[in-house]
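Peer 1: build me a model from this:
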Amino acid sequence: MPSNNEDLNILSIRSATEHLDATVKRVLKRMDRQQQLKNSKLFNEVKDRKRIAKALRLEQHVLLIFDALLNDKALSFALKESVIPAEFVACLHTIDASGSTAKFILNDKSYTIVKGESEAFLFEYDGDVFGQSQLTLFCDEEKVFAVNFDLAGENKRITDCQVVSFVPGYWVYDIVHAVQTIDIGKKLSAIDKKYSPEALDELKERFGISKD
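Peer 2: I've put the predicted structure just below:
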């Protein structure tokens with residue numbers, strides 16, 4: 001049986017350790033707060049840039065271009081074919097164990113989109129799979145935008161995103177114009193398909209109308 005003195009020593013040591021831990025936590029918290037206040041201007045600028053990137057929906061625009069290149073590796077449009085000023089030529093699309101890379105030329109500037117999924121964040125809960133993916137955009141080899149996506153489900157739908165890098169520049173206009181051109185191109189193609197001679201002939205046949 002341990003003596004009362006031993007019990008008291010153990011309690012004293014535990015009490016002293018808990019007091020030291022609490023003191024260290026208070027000091028660290030105060031130091032962190034002081035650094036936040038000292039660098040508040042920087043943090044506010046970062047916050048504003050994140051807000052601007054989200055307001056412009058840059059993550060959606062970059063992802064749309066990436067998916068468009070994934071579905072059409074020969075995607076391109078000339079300046080005269082574009083409703084808004086944009087000239088686009090796909091260069092390369094590769095897939096490996098680390099993720100996917102798409103390269104393209106847009107208005108005489110070289111762009112690269114890298115999309116990678118982190119296996120460290122993959123887990124399954126109640127039949128649903130959750131994970132994380134990062135999308136990074138480079139303009140002339142300089143990283144100008146990066147965002148982390150939270151993914152869920154077999155189709156890996158995006159449930160949340162966090163902007164982790166955003167360097168404003170004229171590239172924003174390039175990307176937005178390219179997305180608008182791709183979107184308009186899809187809509188024009190849909191109209192052409194809807195009113196093509198083949199579609200109209202099929203409509204006449206379904207309703208017994210002469211194909212004069």
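Peer 1: show me where this structure has its strands.
Peer 2: Using DSSP state E, the strands of the chain run over residues 76-77, 88-96, 99-106, 109-125, 128-139, 142-152, 157-166.
Peer 1: tell me the buried residues in stretch 70-78?
Peer 2: Of the residues in stretch 70-78, 75, 77 count as buried by neighbour count, 16 or more other Cβ atoms under 10 Å. Every C-beta, even on glycine, is put in place using the N, C-alpha and C of the backbone.
Peer 1: what does stretch 88-102 give?
Peer 2: Using 16+ other Cβ under 10 Å as the test for burial, stretch 88-102 gives 88, 90, 93, 99, 100, 101, 102.
Peer 1: what about the protein, any weak spots by pLDDT?
Peer 2: The chain contains residues with pLDDT under 70 at 1-11, 13, 15-16, 19-20, 79-86, 95-98, 117-132, 151-160, 212.
Peer 1: ok, now with 80
Peer 2: For the chain, the stretches flagged by pLDDT under 80 are 1-39, 72-88, 90-99, 117-133, 150-161, 185, 211-212.
Peer 1: what residues are up against residue 22?
Peer 2: When the contact criterion is Cβ atoms under 8 Å, 6 or more residues apart in numbering, residue 22 has no partners at all.
Peer 1: quickly note the distance from it to residue 31.
Peer 2: Per Cβ to Cβ, to the nearest Å, residue 22 is found 15 Å from residue 31.
Peer 1: check residue 197 too.
Peer 2: In this structure, residue 197 and residue 31 are 74 Å apart, going by Cβ to Cβ.
Peer 1: same check, this time on residue 55
Peer 2: With Cβ to Cβ as the criterion, residue 55 and residue 31 are 34 Å apart.
Peer 1: neighbours of the residue nearest to residue 36 when sequence neighbours are not counted, how many?
Peer 2: Here the nearest residue to residue 36 in space, its sequence neighbours aside, is residue 43; by Cβ to Cβ, 6 or more residues apart in numbering that works out to 6.8 Å. Neighbour count of residue 43, defined by other Cβ atoms under 10 Å: 13.
Peer 1: does residue 43 touch residue 35 like I think?
Peer 2: No - with contacts counted by Cβ atoms under 8 Å, residue 43 stays clear of residue 35, the gap being 9.8 Å.
Peer 1: got the contact list for residue 73?
Peer 2: If you count contacts by Cβ under 8 Å, 6+ apart, residue 73 has them with 90, 93.
Peer 1: ok, residue 90 next?
Peer 2: Residue 90 neighbours (Cβ under 8 Å, 6+ apart): 69, 72, 73, 74, 75, 76, 102, 103, 104.
Peer 1: please repeat the previous calculation with a cut-off of 6 Å.
Peer 2: 69, 75, 76, 104 (Cβ atoms under 6 Å, 6 or more residues apart in numbering).
Peer 1: any chance of those in CSV, plus distance to residue 144?
Peer 2: Compiled in CSV, those are given as follows (distance: Cβ to Cβ, whole Å):
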residue, distance to residue 144
69, 18
75, 21
76, 22
104, 14
